[in-house]
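J.: Mind folding the following:
(one chain, ligands or ions: 2)
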Amino acid sequence: MRICQIASGSKGNSIYVESDSSRVLIDAGLSARELTRRLLAIGVAAQDLDAVIISHEHRDHCSGAGPLCRRYNLPLYCLPQTYAALPSIGAVDYCALETAGVLRLRDLEVETFPVTHDAVAPVGFILTAGRVRVGIATDLGVVTRLVRERLQRCQVLVLETNHDEQMLQDGPYPWSLKQRIRGRHGHLSNNQAAELLGDLLWPELQAVFMAHISETNNTVELARQRIDRVLNGQNSCNPQLIVGQVAVASESFECRT
Ligand SMILES: [Zn+2]
Ligand SMILES: [Zn+2]
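T.: Ligands and ions are numbered 1, 2, ... in the order given. Sure thing, here's the model as predicted:
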């Protein structure tokens, strides 16, 4: 499988995942034009996507979904509650995902699991093809037992390291927004992500994508240092760390088992 963070951060999120015979986009939070351009830059024609799958209705995850699906006649998958809440999605070929259901696209299986976040029905994803398992959890306030269980035994993880707790505390956001971000329905801090990752380490872990890093309440250096500390403190695996950004697509990771 091949994984690339097309964009990651509070201004836009999208993840490209490719198996031997399927290609999907998880979230589409950039303009259709920019998504098309960034996909092309990694050698993917947008019209060749098999599905655009949306995790929740926040604009940074779905702003380009309607235009992209219409332009290339792509099916849009999400939970019915999410579909009903999508802002100005327009006419699209909508396919319902089921809570905790499995979507099969040839050799690729996409499973959802619920996360706590301030959206109507936010989900994380497990994508499986052959022996490769990819776990994605990018907007969640707390790590529930279910989230921890579902993300076990992945070769590739996409985890949010949204904020540094001290920077958020000292930063410019109004108190109510600070409360929202650090609350049960907000985003994971570097510390929370590091603690989660510590529980997910196993010999087959090959890559960790750091996602949704706040440009106001975090730095790539702080997030990376915190994650490095977890990885340096163990010797069961040595995954590659890849940082997601809003401005440019990340490098792609090719996972083979
Ligand atoms: Zn969100
Ligand atoms: Zn988000």
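
J.: Who are the contact partners of the residue lying closest to residue 212 once chain neighbours are set aside?
T.: Taking C-beta to C-beta, 6 or more residues apart in numbering, and ignoring the residues beside it in sequence, residue 212 has residue 160 as its nearest neighbour in space, at 3.9 Å. Any C-beta I mention is one placed from the backbone N, CA and C, and that applies to glycine too. For residue 160, the contacting residues are 137, 138, 139, 140, 187, 188, 193, 210, 211, 212, 213, by C-beta atoms under 8 Å, 6 or more residues apart in numbering.

J.: Out of these, the closest to ligand 2 would be?
T.: Among these, residue 139 lies closest to ligand 2 (C-beta to the ion), at 4.4 Å.

J.: Help me confirm that the closest one comes into contact with residue 117.
T.: Yes - using C-beta atoms under 8 Å, residue 139 is in contact with residue 117, at 4.7 Å.

J.: Compare those two (neighbour count), which wins?
T.: residue 139 (27 against 24; other C-beta atoms under 10 Å).

J.: Next, the more buried one: phi, psi?
T.: Reported as degrees, to the nearest 10, the phi and psi values for residue 139 are phi -140, psi 100.

J.: separation between it and residue 93?
T.: Going from residue 139 to residue 93 by C-beta to C-beta, to the nearest Å gives 25 Å.

J.: among the contacts of residue 160, which are in helices?
T.: Counting by DSSP state H, these place residue 193 in helices.

J.: Of the contacts of residue 160, which are in range of ligand 2?
T.: residue 139 (C-beta under 5 Å from the ion).

J.: now the contacts of residue 160 in JSON lines, with pLDDT?
T.: Shown next, in JSON lines, are the contacts of residue 160 (pLDDT from 0 to 100):
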{"residue": "137", "pLDDT": "98"}
{"residue": "138", "pLDDT": "96"}
{"residue": "139", "pLDDT": "97"}
{"residue": "140", "pLDDT": "97"}
{"residue": "187", "pLDDT": "98"}
{"residue": "188", "pLDDT": "98"}
{"residue": "193", "pLDDT": "98"}
{"residue": "210", "pLDDT": "98"}
{"residue": "211", "pLDDT": "98"}
{"residue": "212", "pLDDT": "98"}
{"residue": "213", "pLDDT": "98"}
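
J.: need the strands for the stretch 51-200 of the chain, in chain order.
T.: 51-53, 75-78, 93-96, 102-105, 108-114, 123-129, 132-137, 156-160 (DSSP state E, counting those that start in this stretch).

J.: Neighbouring strands of the shortest one in the sheet, and parallel or not?
T.: Translated: strand 51-53. In the sheet, strand 51-53 lines up against strand 23-26 (parallel), strand 75-78 (parallel) (DSSP bridges).

J.: Distance to ligand 1 added to those strands, as CSV?
T.: CSV is the format used below for those (distance: least, C-beta to the ion, whole Å):
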stretch, distance to ligand 1
strand 23-26, 13
strand 75-78, 13
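
J.: circling back: what's the distance between the residue nearest to residue 212 and residue 3?
T.: Note on residue 160: its distance to residue 3, by C-beta to C-beta, is 15 Å.
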